[in-house]
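> coords please:
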Amino acid sequence: MTEPRSIEVGAQELGTSMVEIIGIGALNIDKLYLVERIGAAGEEIGVYSVSEQPGGSAANTIAALARLGIKTGFIGRVGDDADGAYLRSEMVKEGVDTQGIEIARGRTGSAIVLVDPGGERSMYVHPGVNDALSLTPENLSYVKNARYLHLSSFVDETIIDVQREILDRSKAEISFAPGMLYARRGLDALRGIISKTRVIFLNRDEIEMLTGSGYRKGAGELNEIGAEIVVVTLGGDGCYIRTSDAEVSIPGLATRVVDTTGAGDAFCAGFLYGLLMDEPLSVCGRLGNWVAMKCIGAVGAREGLHRAFEIVEAKTKICGHCCFSV
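Here you go, the predicted structure:
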């Protein structure tokens with residue numbers, strides 16, 4: 001049975017001078033169905049649990065960073081419905097500056113997520129009002145003083161042009177998590193953003209789809225286009241990080257997998273936390289692995305995410321080379 005949601009209407013406005021990183025991406029309601037298995041066409045499969053949680057790739061990352069004590073903001077759209085009020089309220093609760101979240105006429109975006117007993121998932125996205133995001137003077141003013149902008153994908157192909165124009169008018173460092181939606185469009189469609197990117201995050205399937213090469217070679221190709229840091233997440237095998245003059249592989253952390261929804265978004269948050277703290281890339285990768293490990297131990301993209309005091313403890317272990325027995 002779906003648990004009831006409490007909705008608090010209101011906005012949190014921190015002021016652009018106080019925001020370290022602003023996310024630009026979709027805001028979705030994740031409708032999570034825990035199933036006996038993910039079936040093929042024509043099959044009838046049992047569902048043993050249903051829940052609704054806030055989602056959207058960049059939104060998940062920004063919410064996680066806010067929990068870790070980073071001053072964050074967000075640019076996106078929600079509908080003028082109960083789901084939109086709920087999503088906005090959840091961002092306020094996390095401490096995210098919501099002045100960049102527009103309330104538009106229409107339906108809030110949603111994602112149907114099927115999760116099997118092994119934690120693997122299949123996702124179906126309805127964009128709703130997300131795909132009507134437009135460039136506004138308010139958005140341009142908002143991003144002007146941010147240290148970082150973190151971008152993720154939209155279903156509508158035209159929104160990438162809006163994101164590109166915002167980047168053209170901003171001096172912020174760029175973090176980019178294209179996901180499979182954008183990776184399928186190929187390098188030519190993304191070259192304008194990749195060339196301006198400080199750090200790009202992809203999983204193994206996404207980088208191979210985007211570049212047509214294995215992940216190590218593909219990472220080098222993205223460096224050549226202009227991405228300063230390429231990070232490839234490898235599931236239980238950890239992550240691979242490459243720059244123009246160095247590469248490092250970070251082993252994964254053993255844990256019980258409940259649900260992989262949002263694991264990549266959580267990894268981004270941990271890694272970006274390290275970057276914002278000016279940590280070495282090896283520490284950033286270990287922080288990413290740690291936050292992702294916490295995420296996949298619970299159902300949904302945000303339920304397992306932890307708070308600032310816990311990341312400080314984890315960081316102390318990592319910097320002291322304890323690294324949770326890794």
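> C-alpha only now, for contacts and for neighbours.
Noted.
> Ramachandran coordinates for the residue of the chain positioned farthest from its centre?
In the chain, counting by CA atoms, centre = their mean, Gly42 sits farthest out from the average C-alpha position, at 32.4 Å. Dihedral angles of Gly42 (phi, psi; degrees, to the nearest 10) stand at phi 90, psi -10.
> ok, now His126?
In terms of degrees, to the nearest 10, the main-chain angles of His126 are phi -110, psi 120.
> If it is in a bridge, with which residues?
Judged by DSSP bridges, the bridge partners of His126 are Ser110.
> can you pull out the helices in this protein?
Counting by DSSP state H, the chain has helices at residues 57-67, 82-94, 137-143, 159-168, 179-183, 187-194, 204-211, 215-225, 263-276, 281-295, 308-319.
> which stretch in the ones you listed has the least confidence?
When these are compared on average pLDDT, helix 308-319 comes out lowest at a mean of 60.
> before we move on, the earlier item: ok, which of the helices of the chain comes nearest Val115?
Each of those has some distance to Val115 by CA to CA; the shortest is helix 263-276, at 13.2 Å.
> just checking, what packs against that closest one?
helix 57-67, helix 281-295 (3 or more CA pairs under 8 Å, 6 or more residues apart in numbering; DSSP states H and E).
> How far off centre is the first one?
Its chain's average C-alpha position is 7 Å from that of helix 57-67, according to CA atoms, centre = their mean, to the nearest Å.
> And the longest one, by the same measure?
Relative to the mean C-alpha coordinate of its chain, helix 281-295 is positioned 14 Å out (CA atoms, centre = their mean).
> what angle sits between that helix and helix 263-276?
Angle between the axes of helix 281-295 and helix 263-276 is 140 degrees (criterion: axes from the mean of the first three to the mean of the last three CA atoms, to 10 degrees).
> can I get the CA coordinates of helix 281-295 in PDB?
Provided in PDB are the C-alpha atoms of helix 281-295 (Å, rounded to 0.1, in the frame of the first residue of the first chain):
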ATOM      1  CA  LEU A 281      40.100  12.500  -7.200                       C
ATOM      2  CA  SER A 282      40.900   9.200  -5.400                       C
ATOM      3  CA  VAL A 283      39.100  10.500  -2.300                       C
ATOM      4  CA  CYS A 284      36.200  11.900  -4.400                       C
ATOM      5  CA  GLY A 285      35.700   8.400  -6.000                       C
ATOM      6  CA  ARG A 286      35.700   6.700  -2.600                       C
ATOM      7  CA  LEU A 287      33.200   9.200  -1.300                       C
ATOM      8  CA  GLY A 288      31.000   8.600  -4.300                       C
ATOM      9  CA  ASN A 289      31.200   4.800  -3.700                       C
ATOM     10  CA  TRP A 290      30.200   5.400   0.000                       C
ATOM     11  CA  VAL A 291      27.100   7.500  -0.700                       C
ATOM     12  CA  ALA A 292      26.000   5.100  -3.500                       C
ATOM     13  CA  MET A 293      26.400   2.200  -1.100                       C
ATOM     14  CA  LYS A 294      24.100   3.900   1.400                       C
ATOM     15  CA  CYS A 295      21.500   4.600  -1.400                       C
END
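> May I see the buried residues of stretch 235-255?
235, 238-244, 247, 249-253 (16 or more other CA atoms under 10 Å).
> pLDDT and distance to Lys144 for these - can I get that in JSON lines?
Formatted as JSON lines, the buried residues of stretch 235-255 follow (pLDDT from 0 to 100; distance: CA to CA, whole Å):
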{"residue": "Gly235", "pLDDT": "90", "distance to Lys144": "35"}
{"residue": "Gly238", "pLDDT": "93", "distance to Lys144": "34"}
{"residue": "Cys239", "pLDDT": "96", "distance to Lys144": "32"}
{"residue": "Tyr240", "pLDDT": "98", "distance to Lys144": "31"}
{"residue": "Ile241", "pLDDT": "98", "distance to Lys144": "29"}
{"residue": "Arg242", "pLDDT": "98", "distance to Lys144": "29"}
{"residue": "Thr243", "pLDDT": "98", "distance to Lys144": "27"}
{"residue": "Ser244", "pLDDT": "94", "distance to Lys144": "28"}
{"residue": "Glu247", "pLDDT": "96", "distance to Lys144": "32"}
{"residue": "Ser249", "pLDDT": "95", "distance to Lys144": "34"}
{"residue": "Ile250", "pLDDT": "94", "distance to Lys144": "34"}
{"residue": "Pro251", "pLDDT": "93", "distance to Lys144": "37"}
{"residue": "Gly252", "pLDDT": "85", "distance to Lys144": "36"}
{"residue": "Leu253", "pLDDT": "83", "distance to Lys144": "37"}
